[in-house]
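Asker: This is the structure alone, sequence omitted:
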C-alpha cells in the first residue's frame, strides 16, 4: 500500500525555485499495475525517485506499508529500498564483469540472507525469467533483453512491496520490449504491485491504471479500459 | 553483510585493473623494503661490532689516560700522558688488586709502514709479551714478541694478516723480511692469526713491536697510551674496575674519583657506546625510509579516489539495492587495506632479499628481526586505513540518484 499525500519537491538553484513536483497526492493499492507517464520535465523521474526511496520530498507525506518514508535517515532509506522496492532501470545497471547469478544475489547479500538460501533463490528467479542456461554468463555476454530479465530477477529477490521500473524498455528493440512487458504483466497477475515510469504510450497501455503528470502536477489518473494482457502472451 | 563477501568483491575489483593495482602498491613495496633492509643492515653492523668486541674476551678491561686539560679546554680522551709503565707494573703486583690475571701495557699510534715499494697506513702498537694472552691473539707463522726482545729494545715486528696482504700480497709469508716504521727498519718475526672482520677496531690491521722500542727508540716517551687488563673471570670485572681505580687514584695523588685522570672501560662499556652510535644511524635511516611510506600512502589515496569516481554508477546501484553507508565504506577501505598489505608483504620479501644480498657481499651477519617484519606489515595496514578512509568516506556519502545518473 502506497500513500502519497500533498508531496512537493522543490529544487533551489541560484535563488530560482523549481517545483519538480507540486502538491501531488495518490494511493496505489497492493496488486495494482500503474503506468506513470508524462513528457520530459513533467516530474515523473522525481516522483519515481521519491517512490523508490532514493530521495525524500521537500513537503508532504509518503507512507509505504505503514512506514513513514519521508522521515527516514539515509541508512533507513537504504533498508527500505532493500526490503520493499525492486528497481528495474532503463540501462539495466548490472554489475560489470559479474555473472547473472551474482547480480541477482547482490540485494540478498545486503539483506544478510544466508549463502545457500540466496543462491537457491537466485537460481529459481533466473529460471522464472527464462535464463536458466545463462546463469554463469557475465553482463557483457548477455543481450539487452537478457540483461533486463536479470534486472527483473534481481528486483524480485527480496519479494518487494513494489516493482518500480524506470523506462524498462527504453533501450530495447520492440520484440524484446514486448517480452519484458509480458513478464511484468505476468508478475502483476501473480499479485505483484508494478509501477512503470515511461513516456511511451505503447508501454503505458499495458498497465491497468495511468497517472499522467505535467509540470509537476497530476493531470489525469484513469483506469485503463482493457485487461492489460498481451496478444503475444504465450 | 558478511566480510567474506566484501573481501571477494574487493579482490575482484582490484584484479580488473592489474597494472594499475600493481603500480599503486609499488610505493608501499619500496617503502617497506627500504625500512626492512635498512633496519636489518643496521642490526647486522651492530652485531658485527659486538662480535668484534666480544672476540677480545669478555673479561678485558681497558685503562685509558684522561683528557688533557689546558685551561678550560678539554682535549680528547687519551690525550694526557698520565699513564706510565709503573702504573701497569703496580696493577699487576699490588696486593690491593686481587682480581687481575694479566696486564698488558701498550703504546699505540697510527703510522705509515713501508715494505719495498708498498706502504700502508696502520695501527702500530708497542707491547709486551703479555699482549697475546690478554687480547687472545694467536700466531699463524713465526713467533710472537718475547720478554727478551722487549728488554733489549729489539727492532722486530709481528704483523696482522691484513697488513701482510697490503704490503706483500695475499698468501705471502714475510717472516724474515724487513719493514720500515717512522724511518726505522724492523725485521718481521711473526704473523698473527686472523680474527676476521672489517672496519671498526680491526684486529687484523695492526703491527706489533716491543713496547720499549716504541717508547724509547721512536718517541723517547715514558708514558702509555693504554693498559689492557685481563681480569680473573667475568664476575670479578666490576671489583677489578674498583680496585684498579683506587690504586691509580692513590698513585696519581688524587682524592676525588671525579677528578680521575684516567678511565677504566670494560668491553660492555665500549659495546654500548658503539651500539648507541650505530643505533642512531639506523633510526635516522629508517626515518628517511618511513617518509617514502607516507609518499606511497598518498599514491594509494590518489588511486582510490580515481577508483571511486570511476565506479560512481556501481556505488549508486549498490546504494539503490540497499547497501548502507558502512558497507560501502568497508568495501572501499578493504580495497585500500588489501592494496597496502599486499604491498607490505611484497616489500617485506624484497627487503629481506635485499638485505640478504648486501650482508652476503659485505660479509656482515644476516639478521632479520621479527619486530621489523611485524612493524612493516602493521604499518602498511594502518597506511591502508589512513589513506583509504577519505576515498571510502567519499564513496559512502554519494547520493544514489546522482550516482545512478553519472555518465
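Answerer: Nice, thanks for sending it over. Please read all numbers here as calculations on a predicted model, not as lab measurements. Residues are numbered from 1 along each chain as shown, chains lettered A, B, ... in the order given.
Asker: does residue B:101 sit in a helix, a strand or a coil?
Answerer: strand (DSSP: H, G, I helix; E, B strand; the rest coil).
Asker: That one against residue B:228, yeah?
Answerer: No. Applying C-beta atoms under 8 Å, one finds residue B:101 not in contact with residue B:228, separated by 11.5 Å. For the C-beta atoms, the positions are set from N, CA and C on the backbone; glycine is no exception.
Asker: Of the two, give the one with the bigger neighbour count.
Answerer: residue B:228 (21 against 16; other C-beta atoms under 10 Å in any protein chain shown).
Asker: Quick check: which element contains the residue nearest to the more buried one when sequence neighbours are not counted?
Answerer: Using C-beta to C-beta, 6 or more residues apart in numbering or on different chains and skipping the chain neighbours, the partner closest in space to residue B:228 is residue B:104 (4.3 Å). Take DSSP states H and E as the rule and residue B:104 turns out to sit in strand B:100-115.
Asker: same thing with residue B:288?
Answerer: Assigned by DSSP H and E, residue B:288 falls in helix B:267-310.
Asker: From the contact counts, what lies against that helix?
Answerer: Helices and strands touching helix B:267-310, by 3 or more C-beta pairs under 8 Å, 6 or more residues apart in numbering or on different chains; DSSP states H and E, are helix B:18-54, helix B:325-361, helix B:370-396.
Asker: ok so, going back, can you list the strands that the strand holding residue B:104 pairs with?
Answerer: Strand B:100-115 has its sheet partners listed here by DSSP bridges as strand B:118-127 (antiparallel), strand B:178-181 (antiparallel), strand B:226-231 (antiparallel).
Asker: tell me which residues in the first one are buried?
Answerer: If you call a residue buried by 16 or more other C-beta atoms under 10 Å in any protein chain shown, then strand B:118-127 has these buried ones: B:120, B:122-127.
Asker: returning to what we had before: quick one: closest of the helices and strands packed on helix B:267-310 to residue B:268.
Answerer: Closest approach to residue B:268 among those is made by helix B:18-54 (8.6 Å; C-beta to C-beta).
Asker: List the buried residues in the closest one.
Answerer: Neighbour-count burial for helix B:18-54 flags B:21, B:24-25, B:27-50, B:52-53 (criterion: 16+ other C-beta under 10 Å).
Asker: One more: stretch A:136-148?
Answerer: Buried residues in stretch A:136-148 (16+ other C-beta under 10 Å): A:137, A:139, A:142, A:144-148.
Asker: List phi and psi for residue A:13.
Answerer: phi -140, psi 110 (degrees, to the nearest 10).
Asker: contacting residues for it?
Answerer: Applying C-beta atoms under 8 Å, 6 or more residues apart in numbering or on different chains to residue A:13 gives no contacts.
Asker: Tell me what it is bridged to.
Answerer: Applying DSSP bridges, one finds that residue A:13 bridges with residue A:16.
Asker: Assign a three-state SS to the residue of the stretch 251-400 of chain B found nearest chain A, would you?
Answerer: Closest approach between the stretch 251-400 of chain B and chain A, counting by C-beta to the nearest C-beta: residue B:322, at 2.3 Å. When classified by three-state DSSP, residue B:322 comes out as coil.
Asker: Just the pLDDT for the nearest residue to it once chain neighbours are set aside.
Answerer: Spatially, and ignoring its direct neighbours in sequence, residue B:322 is nearest to residue A:82 (2.3 Å; C-beta to C-beta, 6+ apart). Reading off the confidence values, residue A:82 has pLDDT 95.
Asker: now residue B:200
Answerer: For residue B:200, pLDDT reads 51.
Asker: ok, now residue B:68?
Answerer: Reported pLDDT for residue B:68: 55.
Asker: swap in residue A:230?
Answerer: We have a pLDDT of 40 for residue A:230.
Asker: For burial, what's the neighbour tally of residue A:166?
Answerer: For residue A:166, using other C-beta under 10 Å, the count is 22.
Asker: got the phi/psi numbers for it?
Answerer: phi -110, psi 110.
Asker: where in the stretch 201-350 of chain B is pLDDT low?
Answerer: B:201 (pLDDT under 70).
Asker: Surely residue B:372 touches residue B:39?
Answerer: Yes. Under the criterion of C-beta under 8 Å, residue B:372 makes contact with residue B:39 at 4.5 Å.
Asker: Tell me the secondary structure at residue A:5.
Answerer: Going by three-state DSSP: residue A:5 is strand.
Asker: Same question for the one 5 residues further on.
Answerer: Assigned with three-state DSSP, residue A:10 falls in the strand class.
Asker: Which residue is the nearest non-sequential neighbour of it?
Answerer: Nearest one to residue A:10, counting by C-beta to C-beta, 6+ apart, is residue A:58 at 4.5 Å.
Asker: Could you pull up the contacting residues of that neighbour?
Answerer: Counting by C-beta under 8 Å, 6+ apart, residue A:58 has contacts A:8-10.
Asker: which of those residues are buried?
Answerer: A:8-9.
Asker: any idea which of the contacts of residue A:58 is the one closest to chain B?
Answerer: residue A:9 (11.4 Å).
Asker: Okay, helices next: where are they in chain A?
Answerer: For chain A, the helices defined by DSSP state H cover A:44-51, A:74-84, A:100-111, A:115-128, A:144-155, A:174-189, A:201-204.
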